[in-house]
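In: Sequence and computational prediction follow.
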Amino acid sequence: MVSKRLYEVVVNNFLIVVVVPVTAVVLLRKAAQLGPDEVLSRLHGLRQVHAFLAVFVPFAMAALYLLRRPRSVYLVDYACCRPESNCRVSIGSFTESARLSPYIDDGTFRFITRMLRRSGLGDQTYLHPSLHHIPPRCCLGESRDEAEQVVFATVDDLLAKTGISPGAIDILVTNCSGFTPTPSFTDMMVNRYKLRSDIRHVNMSGMGCSAGVVSVEVARNLLQAGPQGAHALVVSTEITSFIYYTGPDRTMLLPGALFRMGAAAVLLSTSRSNKSRFRLTHIVRTLTAAQDRAYLCASLKEDDHGETGIYLSKDLVPVAGETLKANIAALGSVVLPPSEKLLFVLSFIARKALGRRIKLYMPDFRTAFEHFCVHSGGRAVIDAVQASLRLSDENVEPSRMTLHRFGNTSSSSLWYELAYIEAKGRARKGDRLWMVGFGSGFKCNSAVWECIRSPSDTAVGAPWADSIHQYPVKISKE
């Protein structure tokens, strides 16, 4: 352990530890050989133009770099929805509703019970009241009601936390995969908050659970193209009452058992005010839709009885693993320290030279990040990511606890995980955080943030305010 730490210090600080001292020694030895009179003579012999260029060129290059560099984007603050208590659903009430449903036979009921027992969900997740009925009332009106409940409550909390006026919002980006009403989500937001008529707005659908990161990237690009100090509002949600499956096909029952109500609202800006919380440093997106196996592993479809639901194929977990590897290969090149890159290169060369007997080194991403927000899409997904990246139980604790407390809230789940980290008081100035989300297509999208200010103590928009003292809880591994 000591030798590994020494190796990291030397390699990661190569310029300071090796290059600078060696260069200084060489220059001092050369100066000693020449003598002070000869050194002064050579310095006086330099032409003025050479001295000018030696000073001007580095400064000009630095100024050009600063002018051409894209403006930094900051997370001012965010809020997550904690639905009303009448929406709460326990595992027991969910299974009882399934038992009384006319489309569930005894075999399918046992399958649902076993699936929920292994799901990692707790007894305090939320479903829209329309899904508490037997049979569930899935219709356009109920879906719109759910959308207005979660989105308006979340945005109200965000506006209260930041103190920003709706008229100061320049960009609006919303995402919801399944529910695409007309007028759109952005129209609904403009009408509710009387946003400006010249606001730049984008409404995204069908992007899956990774759409939250995509929305952040869209907002970032628009901010960098807009005036300095502009503000962007990003809203991520999924409407459970619209995608809820009421048929007997077991391949389509899992999403209904895992997906729950939730939403997140995020305020971004190119102005680093004294309220800004995080700086966005990198976004890396990977799409494997060109492969049929990946394209078809998660989709919205009809079963043989005409019932609509989300279908998950048996290839989902291996496809997610392959897409994650492609994503981290691209991300690792920009975030990993030199020590980890060198070990990977050496193992790659050894593998080429000696054959497959040499195992390819998996970089330790814990050297690049202090915190991890892995999409809480299900216990199997979290287990696979933890094993692939060699993360500790504490590293994936935010994901497991979010799944237990709120279920799979789709594209907003990453923000619930960040809220967990902050509620536990773990986020400190300078910490680096990795958000990684998965979605249909198949997609794996990563966002990297740097903490620049600790959170406030307000309970507004804080989803863990009433339950953080109960966590972490032990999750059964049966």
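Out: Structure received.

In: can you pull out the helices in the stretch 351-478 of the chain?
Out: 379-389, 397-406, 413-423 (DSSP state H, counting those that start in this stretch).

In: now the end-to-end length of stretch 466-473.
Out: 15 Å (Cα to Cα, to the nearest Å).

In: so for it, what's the average pLDDT?
Out: Across stretch 466-473, the average pLDDT comes to 94.

In: One more: stretch 125-142?
Out: The average pLDDT within stretch 125-142 is 90.

In: Identify each buried residue in it, please.
Out: Under the neighbour-count criterion of 16 or more other Cβ atoms under 10 Å, stretch 125-142 has 125-132, 136, 138, 142 buried. Where you see a C-beta, it was placed from the backbone N, CA and C, and this is true even at glycine.

In: Which one of the helices of the stretch 351-478 of the chain lies nearest to residue 190?
Out: helix 413-423 (22.4 Å; Cβ to Cβ).

In: same for the closest one, what does it pack against?
Out: For helix 413-423, the contact count by 3 or more Cβ pairs under 8 Å, 6 or more residues apart in numbering; DSSP states H and E identifies strand 73-80, helix 211-225, strand 263-269, strand 371-374, helix 397-406, strand 432-439 as packing neighbours.

In: returning to that earlier point: any idea which of the helices of the stretch 351-478 of the chain scores lowest on pLDDT?
Out: Looking at the helices of the stretch 351-478 of the chain, the bottom one is helix 379-389 with a mean of 91.

In: Show me what it packs onto, helices and strands only.
Out: Partner elements for helix 379-389 (3+ Cβ pairs under 8 Å, 6+ apart): helix 316-335, strand 371-374, helix 397-406.

In: mind checking which of the helices and strands packed on helix 413-423 is nearest residue 308?
Out: strand 432-439 (18.7 Å).

In: which element is the residue of the chain most remote from its centre on?
Out: Relative to the centre of the chain, and counting by Cα atoms, centre = their mean, the farthest-placed residue is residue 37 at 61.8 Å. Using DSSP states H and E, residue 37 maps to helix 36-45.

In: Show me what counts as buried in the lengthiest helix in the chain.
Out: Ranked by residue count under DSSP state H, the longest helix found in the chain is helix 140-162. Judged by neighbour count using 16+ other Cβ under 10 Å, the buried positions of helix 140-162 are 142-144, 146-147, 149-159, 161-162.

In: Name every strand pairing with the helix or strand that comes right after that helix and say which way it goes.
Out: For helix 140-162, the succeeding helix or strand toward the C-terminus, using DSSP H and E, is strand 171-175. Next to strand 171-175 in the sheet, as set by DSSP bridges, lie strand 200-204 (parallel), strand 231-237 (parallel).

In: In contact with the nearest residue to residue 148 once chain neighbours are set aside: list those residues for me.
Out: The spatially closest residue to residue 148, leaving aside those adjacent along the chain, is residue 188, at 7.4 Å (Cβ to Cβ, 6 or more residues apart in numbering). For residue 188, the contacting residues are 147-148, 151, 181, by Cβ atoms under 8 Å, 6 or more residues apart in numbering.

In: next one: residue 115
Out: Contacts for residue 115 (Cβ under 8 Å, 6+ apart) come out as 253-254, 257.

In: can you rerun that using 6 Å?
Out: In this structure, residue 115 makes contact with residue 257, judged by Cβ atoms under 6 Å, 6 or more residues apart in numbering.

In: what secondary structure does it sit in?
Out: helix (DSSP: H, G, I helix; E, B strand; the rest coil).

In: Report pLDDT for it.
Out: In this model, residue 115 carries a pLDDT of 88.

In: just residue 9 next, same as before
Out: With respect to pLDDT, residue 9 has a value of 63.

In: Give me the distance between the two termini of stretch 430-443.
Out: Using Cα to Cα, the two ends of stretch 430-443 sit 29 Å apart.

In: looking at this structure, which helix or strand is least sure?
Out: helix 14 (a mean of 58; mean pLDDT, DSSP states H and E).

In: and the next element down the chain from that helix?
Out: Helix 14 is succeeded, C-terminally, by helix 20-34 (DSSP H and E).

In: Give the rounded mean pLDDT of that following helix.
Out: Rounded mean pLDDT across helix 20-34 is 71.

In: what are the C-alpha coordinates of that helix, in PDB please?
Out: Taking C-alpha atoms only, helix 20-34 is exported to PDB below (Å, rounded to 0.1, in the frame of the first residue of the first chain):
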ATOM      1  CA  VAL A  20      12.100  20.400 -12.200                       C
ATOM      2  CA  PRO A  21      14.900  19.200  -9.800                       C
ATOM      3  CA  VAL A  22      16.800  17.500 -12.600                       C
ATOM      4  CA  THR A  23      16.600  20.600 -14.800                       C
ATOM      5  CA  ALA A  24      17.700  22.800 -11.900                       C
ATOM      6  CA  VAL A  25      20.700  20.500 -11.200                       C
ATOM      7  CA  VAL A  26      21.700  20.500 -14.900                       C
ATOM      8  CA  LEU A  27      21.500  24.300 -15.100                       C
ATOM      9  CA  LEU A  28      23.400  24.900 -11.900                       C
ATOM     10  CA  ARG A  29      26.100  22.500 -13.000                       C
ATOM     11  CA  LYS A  30      26.400  24.300 -16.300                       C
ATOM     12  CA  ALA A  31      26.500  27.700 -14.600                       C
ATOM     13  CA  ALA A  32      29.200  26.400 -12.200                       C
ATOM     14  CA  GLN A  33      31.300  25.200 -15.200                       C
ATOM     15  CA  LEU A  34      31.000  28.500 -17.000                       C
END
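
In: in that helix, what's buried?
Out: For helix 20-34, using 16+ other Cβ under 10 Å, no residue counts as buried.

In: Check which helices and strands that helix is in contact with.
Out: Using 3 or more Cβ pairs under 6 Å, 6 or more residues apart in numbering; DSSP states H and E as the contact test, no helix or strand touches helix 20-34.

In: with the contacts of residue 188 in mind, which one is nearest to residue 345?
Out: Closest to residue 345, out of all of the contacts of residue 188 and judged by Cβ to Cβ, is residue 151, at 46.9 Å.

In: so what's the closest one up against?
Out: Applying Cβ under 6 Å, 6+ apart to residue 151 gives the contacts 235, 237, 263.

In: one more time with 8 Å
Out: Per Cβ under 8 Å, 6+ apart, neighbours of residue 151: 81, 185, 188-189, 235, 237, 263, 265.
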